[in-house]
Structure formats: structure tokens, C-alpha cells
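>>> One predicted model, sequence on top.
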Amino acid sequence: MVEVEIKHLTKAFDDNIVLDDISLNINEGENFVVFGRSGTGKSVLLKCIVRLMEADAGEIYIENQNVLTLDIRKLNEVRKQIGFLFQGAALYDSMSVRENLAFPLIRNFSFSPKEIDFKIRNVLEKVSLLEAIDKMPAELSGGMKKRIGLARTIITEPKLILYDEPTTGLDPITSKEISQLIVELQKDLNTTSIIVTHDLICAKIIASHAVVLKDGKIRYEGNLDSLTSQDDPFLRDFFSSDIIDIKEGRN
Amino acid sequence: MENTTTTQKNISIFGKRLSEFFGIVAGLSLFSLEFFKNVFLPPYEFGEVKKHMDELGVKTLPIVSVTGFIIGLVLTMQSQPVMQKFGAEAFLPGMVALSVVRELGPVITALIFAGRVSSGIGAELGSMRVTEQIDAMEVSAINPFKFLVVTRVLACTLILPMLTVYVIFLAIIGGYISIYLSQNINFILYIHAVVHSVDFYDFVPGVAKTFFFGYIVGIVGAYKGYNTENGTVGVGQASTSSVVISSLLILLVDMVLVKITVSIWG
């Protein structure tokens, strides 16, 4: 488990300030959910944490190292401790499920072929997709891709997992299954997680702490129950449809 | 008044195109620099290079086979009446061989290779970029430039000279078929005439320049694909512009290399 500390993070694209002096503290073992409308910089925040995007200003500490100032060699050492589940799963098209899962293990660790095979089967069992081991990504449904993406994320046993909209584009049942799977894996692997989403049902299952981003700033920070009962008109509008769904038991 | 507006518009379009052109030149130069920085650093992805060479070779083999054979056949058919007119038919095998070895073989193979491979690399890497597969690699502490770009560019650089030698061979065979059909000439005699006319200084520069052409095809395709933006529309644009830019660069570089080789060896 790791603690993540973000201090005064700022990121702009030309004149458009997406993250404006954001400071956050994510505790060890926490499931930290980041809410916000599309285009409010939720994914940008995740990408800045792993330096897929360079922040304009600020500091991000993971295991007491400011990742924004690390050279590429040290940054890669930190990245090996981090798992990232992309919105579209980002499975390598030209590789089978087995090759997708083996890829980070072969490249970054020195496991024997037997150990790699054991790990692949183990994570596939965890996501209940052992039968898909020799399939190509093109043969998988959206939900299956997400599960395999999740399996690839956890196969290296990361201490910190970043989820970029893990349930977007999935039907409510699959969405709930993925959310429950994330919770199970978090307990199993004992990780710290940052989950970017605008799915309140997913957040209800996962979150131990939440923030809401608006106009590049943090509009709300606290636990999820108090968030849905806020008087703030923006928060009421933002969550209204999901709250109705939850109240009507449609989840 | 209207003429002035049109002229201003044309100047502005020309200026935009010019700045785009220099943008591509600068981008390609930096990308090439990155390639040379990475190519000598471990880990060496020999397996991936070999895999891409196999794929590219197999993918291109049918079309270059047909093209090579037809170049030889048509060139001989076209040249025969002219050579006959001057009473120089005996030089026909040599002329065909020289044309194919020094210029037609390398350039036409490279242009076909560009059409087939550069667009493929552009589209493949472009789609990997827009579906975040390249980001996934980077975030897993794997150098995507080395794994995706360096291996493909090396494979292109190494496979194109081999394809060119193969095309030259087929073109010479095509030339023989054409002559045989009209004059029933002996194959040994034909090959003797070919070997007699083509020497080391014709063959080596002709094939050597295809290393440059292969590099151009690989680096342009990879550059356009790796830097794809704007989703699936961008993938299509990357694929198309890869072919256009690499074909133009092949012809420009050919002009420069021919000038250099002619001034050295004549």
C-alpha cells in the first residue's frame, strides 16, 4: 500500500485550465473516488500522477518521491508499483489474452515461464475469465475486455491502482460486477486505489472517500453519504439521476 | 478588391502549407534523433525485429513479385523496337539489366513498399495511440518507442534491400521471357550478356540506397502513427500521409544519392 500526496497541481491546455491548484491526500488502503463532469480533468489528474501527461506546476508524492521531478529510470521504478486500468481497457490488439498478461511480467520481472503461466491463470480465475486465455481482444465483449484489462493491471501486484472510468460503456449489471470485483481485488491485494468515475452506483460500492471536481477545482471532499445529501445545486444536479436510480432500486 | 482578397487567401494557404511542411521536417528530424538514441541501447529486441521482417516480407512479396516480373517484361518490350531501329539489339539484355539494377528496381520496389508498409505502420501505431495501448505500455514501465518504433524501422531498413535484390532478379527473368518470345534467344547467352554489362559499381549503389529508402518508409510511417491525434479520423490521416510523405522523400533522396554515386563512380 502507498500513500499519494498531491500538492498544488496545475495543468492547462493553452488557455484552458483543467486542473487549478489541486491538493489531495490519498491515504494508504483508501478507495478514493474522483467525480466530475466530462472534461473536468479527472483523467488528466490520473495521467499526471503517472506522468503520461506533464503537469505545469505542483508536486505529486508517491512513496515519498516527487514523481514529477524523477528521471525516466527512477520514474519507471515507481511505475512498476502502479497499475492503471484504462477506460477502453487498452489491451494490445496484436496479442492474445495470455500474451497481454505475460507482457509486463516478461519485460519487467524475471519470472520463469512456469511462474508466469501460474500468475496468468491465477488472475484470470480472479476475474472469472480463465476460458478466454487464448482469445484475441477482438473476440471479447466490452465487459470481458474490462475484466482482462483489470487482470493485466493486477498481475504485477501493484501497490497503487488507478482506474479511469472502470464502468463507462457497460450495462448496469456488468458495471456492478466490475465494481464488486474492484472491491474484492482491493481487499485481496491490499492496494490503494484512485477511481475516476461519474457512476454513482459504482462509487457507492467502491468508495471510502470522494472528491468532486468542477472548473479545475475541488468542489467537495468527504465521504459519499454526505456528498449525496449536500444542498449545493451543482451536486444535486450532478447526482440527481443516479440517486433516483438508486432509490428506485434499479441498480 | 476581390482579386486582392483571393491573393491574400492564397498567400495565407501557401504560408500554412509551408509551416506544416517545416513542422513535419522538424518533427521527423527529432523523431529520427530519438530513433538513433534508442537503437543502440539495451534491451535489444531482436525477436521483434525478426517478427516484423517476416511479416513485412510476406505481406509485400506477392505484389513485388508481380511488379518485378512485369517491369522486366514491359521494359524489354518497349525498348526492343527502338534498339532494333539503331541495330543495337545485342545490347538489349545489358540495357534492361542496367536500368533495373541502377534505378527501376530499387525505386519501384521502395515505392510499392511505401504504399504497402508505411501506411500499415501508420495505421497500426495510430490505432494503438488512440486506443491508449501506447500509454498502457508506457505506464507499465516499458519503453514503447523502442518496442514499437525502433523494431519496425529496423525491420523496414533490413528487409527492403532483400526485396530489391529479389525484384531485380525477377525483372531480369521477365526481360528474358520477353526476348525469348520474340527472338528465341538462349538463356545462358542472355545471362552472360547481363552479367557482362552490370558490374559491382552498378549493383552496390543501387541496392545500398534501398537501406535509406527502407529507413524512410519505416520512420515516416512510425512518426505519423506514433503522433496520431483526433481519434479514428487521425488514424486514416496518418495512414494516407505516411504514404505521400515517404514516397516523396524516397524520390528526393534518390535524386541526391544518384548525384553522389554518379559523381563518385560515374
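Sure, I can see it.
>>> pretty sure B:L148 is touching B:R129, no?
No - using Cβ atoms under 8 Å, B:L148 is not in contact with B:R129; the gap is 9.7 Å. Using the backbone N, CA and C atoms, a C-beta is placed for each residue, glycine as well.
>>> shared neighbours of these two, anything?
Common neighbours of B:L148 and B:R129, counting by Cβ atoms under 8 Å, 6 or more residues apart in numbering or on different chains, are B:Y226.
>>> Give me the more crowded residue out of the two.
B:L148 (25 against 22; other Cβ atoms under 10 Å in any protein chain shown).
>>> Report the central residue of the chain.
By default, I'm working from chain A. Centroid-nearest residue in chain A, with Cα atoms, centre = their mean: A:Y163, separated by 1.0 Å.
>>> wait, I meant chain B there
Closest residue to the average C-alpha location of chain B: B:A110 at 2.5 Å, with Cα atoms, centre = their mean.
>>> Report whether it is found in a helix, as I expect.
Yes - assigned with DSSP: H, G, I helix; E, B strand; the rest coil, B:A110 falls within a helix.
>>> and the stretch 151-251 of chain A, which residues reach chain B?
Residues of the stretch 151-251 of chain A lying close to chain B by Cβ under 8 Å from any Cβ of the partner chain are A:T156.
>>> Tell me where the stretch 151-251 of chain A has helices.
Taking DSSP state H, counting those that start in this stretch as the criterion, the stretch 151-251 of chain A carries its helices at A:172-189, A:200-206, A:224-228, A:233-247.
>>> Of these, flag the one that's most buried.
Of the helices of the stretch 151-251 of chain A, the one with the most neighbours on average (mean count of other Cβ atoms under 10 Å in any protein chain shown) is helix A:200-206, at a mean of 22.
>>> returning to that earlier point: closest to B:V82 out of the helices of the stretch 151-251 of chain A?
Among the helices of the stretch 151-251 of chain A, helix A:172-189 comes nearest to B:V82, with 71.9 Å by Cβ to Cβ.
>>> Can you name every helix or strand that that closest one contacts?
Counting contacts by 3 or more Cβ pairs under 8 Å, 6 or more residues apart in numbering or on different chains; DSSP states H and E, helix A:172-189 is packed against strand A:31-36, helix A:113-126, helix A:142-154, strand A:160-164, strand A:192-196, helix A:200-206.
>>> For B:V96, see how far away the residue of the stretch 151-251 of chain A found nearest chain B is.
The minimum distance from the stretch 151-251 of chain A to chain B, using Cβ to the nearest Cβ, falls at A:T156 (7.7 Å). Per Cβ to Cβ, to the nearest Å, A:T156 is found 59 Å from B:V96.
>>> neighbour count winner among the two?
A direct count of neighbours by other Cβ under 10 Å for A:T156 and B:V96 places B:V96 higher, at 31 against 19.
>>> give the contact list for that one.
B:G72, B:L75, B:T76, B:S79, B:A171, B:I172, B:G175, B:V194.
>>> nearest residue to the closest residue to chain A within the stretch 151-266 of chain B other than its sequence neighbours?
Residue nearest to chain A within the stretch 151-266 of chain B: B:G231 (11.6 Å; Cβ to the nearest Cβ). Excluding the flanking residues, the one nearest B:G231 by Cβ to Cβ, 6 or more residues apart in numbering or on different chains is B:V130, at 5.3 Å.
>>> Can you report how many residues lie near that neighbour?
By other Cβ under 10 Å, neighbour count at B:V130 equals 19.
>>> Kindly report the same for the one 10 residues further on.
B:S140 has 24 neighbours, counted by other Cβ under 10 Å.
>>> just to revisit the earlier point, which of the contacts of B:V96 come close to chain A?
Applying Cβ under 8 Å from any Cβ to these, one finds that nothing falls near chain A.
>>> In strands, which of those fall?
Among the contacts of B:V96, DSSP state E puts none in strands.
>>> Can you tell me which of these is nearest B:T4?
The shortest approach to B:T4 among the contacts of B:V96 belongs to B:L75, at 51.4 Å (Cβ to Cβ).
>>> returning to what we had before: of the helices and strands packed on helix A:172-189, which shows the lowest average pLDDT?
Looking over the helices and strands packed on helix A:172-189, mean pLDDT reaches its minimum on helix A:200-206, with a mean of 85.
>>> tell me what it is packed against?
With contacts taken as 3+ Cβ pairs under 8 Å, 6+ apart, helix A:200-206 sits against strand A:31-36, helix A:172-189, strand A:192-196, helix A:224-228, helix A:233-247.
>>> Worst mean pLDDT among the ones you listed?
Here the lowest mean pLDDT among the helices and strands packed on helix A:200-206 goes to helix A:233-247, at a mean of 64.
>>> Contacts only, for the residue nearest to the centre of chain B.
The contact partners of B:A110, taken as Cβ under 8 Å, 6+ apart, are B:L160, B:T164, B:T210, B:F213, B:G214, B:I216, B:V217, B:I250, B:D254.
>>> If we use 7 Å, what do you get?
B:L160, B:T210, B:F213, B:V217, B:I250 (Cβ atoms under 7 Å, 6 or more residues apart in numbering or on different chains).
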